[in-house]
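[1] Below are the sequence and a predicted model; questions follow.
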Amino acid sequence: MSWILAFLGFAVLIILHELGHFAVAKAVGMRVERFSLFFPPLAWRRQGKGETEYAIGVIPLGGYVKISGMNPHEELPPGQEHRAYFRQPVWKRIAVIVAGPVVNIVLAAVILTFFFSANGTPRPGAEVVRVQADLPANGVLQAGDVITSVDGKTGSSRDLSDQIATHRCEGGLADGCKAKTPAELVVRRDGRTERISISPVYDADEGRMRLGFIQTTPVKDVGLIGAAGASADEMWRITSVTVSTIGQVLFDAEKRKEVSGVVGSYETTRQAVQLNFDTAMYVLALISLSLGVINLFPFLPLDGGHIFWALAEKVRGRAIPFSVMERAGFVGFALVAVLFFIGLTNDLDRLAGDGFNLGR
């Protein structure tokens, strides 16, 4: 079932993106020939009541809206020449192209706002969910404790776990060995703060020093207004990371390892569906945001490339030769193909190795 739900989630993101292009193109009077989910060859097609054909392709890498006159050399039906894309003023063309990414970005904002409203925003520290028997934390920590620092270091629950893992046994690491120095914890319990010392032990199965408790990230209730602010902050963070990674991917081998593609996004969504509804919606929101942001990069065949050349025409005062755009489109397509290949290679390597492990 998770495969089907993940597939439907992706299909909805694509449909909404293309629906943005479609709706605005219709609104400004352009002639839309086809609205397609996925790329050709076509598995299904049906002519609508008007001039638009609706179709489903067999290559699930996106979708498209075919507008008459994207190529100024194509032949148009008699009497429809004035509705061609290339004959429209710049503002109409930009409105049509930008509508797709805007839909994805707005959708991400809405989903994240409701997500944070329902779940709160993460706070620094680690909340103890359950203490494990026969390990040092048993009888010392208890469910509901919030660990705010370890050895004077603060941060996320992962940061605190990593700090605990820095402790070492006297004679080297062996299963069950006790750290030579205790971890100094500051714990918030029942409205008061306590300082607790616990010596971690080495867990050979986990491959790290542990105290022996299951943790989660503590959260703060923020209400709808606070959730909107948290949504904006999260979107800015993800956008910054996305732009930075894409900008460095051709020159930094470590950044290339961070790139994921369609396979990775799909598998992450499928795992999120298996966890719970909230996690699935959060992951879809981030994918929707990334889809909107990446499509705004200023090179063809991405939406941002069409916007760039429309603006260039406005600045120049006359149309850009189509041959120039074709050459630019070839370079842009090559860049997109390289990114796709890097993402696909990374995804396959992860699947063949430890996987994506969203639930860990």
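    Received it, and whenever you're ready, just let me know what you need.
[2] Tell me the helix or strand right after the strand or helix carrying Ser36.
    Using DSSP states H and E, Ser36 falls within strand 32-47. Next helix or strand after strand 32-47 toward the C-terminus (DSSP H and E): strand 53-67.
[3] now that next one and strand 32-47, what's the angle there?
    Interaxial angle, strand 53-67 versus strand 32-47 (axes from the mean of the first three to the mean of the last three C-alpha atoms, to 10 degrees): 170 degrees.
[4] So which other helices or strands are in contact with strand 53-67?
    Where contact means 3 or more C-beta pairs under 8 Å, 6 or more residues apart in numbering; DSSP states H and E, strand 53-67 is packed against helix 2-27, strand 32-47. Where C-beta positions appear, they are placed from N, C-alpha and C, glycine not excepted.
[5] Tabulate the ones you listed in a markdown table, adding columns for mean pLDDT and mean neighbour count.
    As requested, those are arranged in a markdown table below (pLDDT from 0 to 100; neighbours: other C-beta atoms under 10 Å):
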| stretch | mean pLDDT | mean neighbour count |
| --- | --- | --- |
| helix 2-27 | 89 | 18 |
| strand 32-47 | 93 | 15 |
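[6] out of the ones you listed, which comes closest to Glu258?
    Checking the helices and strands packed on strand 53-67 against Glu258 by C-beta to C-beta gives helix 2-27 as the closest, at 21.0 Å.
[7] just checking, what packs against that closest one?
    Counting contacts by 3+ C-beta pairs under 8 Å, 6+ apart, helix 2-27 packs against strand 32-47, strand 53-67, helix 90-119, helix 262-275, helix 277-295.
[8] comparing these, which gets the lowest mean pLDDT score?
    If you rank those by mean pLDDT, helix 262-275 sits at the bottom with a mean of 69.
[9] how much space between the residue lying closest to Leu302 once chain neighbours are set aside and Val150?
    With C-beta to C-beta, 6 or more residues apart in numbering as the criterion, Leu302 has its nearest non-adjacent residue at 5.2 Å, and that residue is Asn295. Asn295 is 42 Å from Val150, where distance means C-beta to C-beta, to the nearest Å.
[10] more neighbours, these two?
    Neighbours were counted for Asn295 and for Val150 using other C-beta atoms under 10 Å; Val150 has more, 26 against 23.
[11] how near is the more buried one to Gly144?
    18 Å.
[12] any idea how far the residue nearest to Leu302 is from Leu16?
    Remark: distance between Asn295 and Leu16 (C-beta to C-beta) = 13 Å.
[13] which residues do those two both contact?
    Common contact partners of Asn295 and Leu16 (C-beta atoms under 8 Å, 6 or more residues apart in numbering): Asn104.
[14] hang on, Arg93 packs against Tyr85?
    Yes - counting by C-beta atoms under 8 Å, Arg93 touches Tyr85, with 6.5 Å between them.
[15] Which of these two has more residues huddled nearby?
    More neighbours surround Arg93 than the other of Arg93 and Tyr85, with 25 against 21 (other C-beta under 10 Å).
[16] Setting aside sequence neighbours, what's the nearest residue to the more buried one?
    Nearest to Arg93 is Ala310, by C-beta to C-beta, 6+ apart, at 4.8 Å.
[17] Give the full set of residues in contact with that neighbour.
    So Ala310 contacts 90, 93-94, 97 (C-beta under 8 Å, 6+ apart).
[18] related to what we said a few turns ago, looking at the helices and strands packed on helix 2-27, which is closest to Ile196?
    Taking C-beta to C-beta, helix 90-119 is the member of the helices and strands packed on helix 2-27 nearest to Ile196, at 28.2 Å.
[19] What is the closest one packed up against?
    Short answer (3+ C-beta pairs under 8 Å, 6+ apart): helix 90-119 packs on helix 2-27, helix 223-248, helix 277-295, helix 303-316.
[20] which element follows that helix toward the C-terminus?
    Downstream of helix 90-119 (by DSSP H and E), the next one is strand 121-122.
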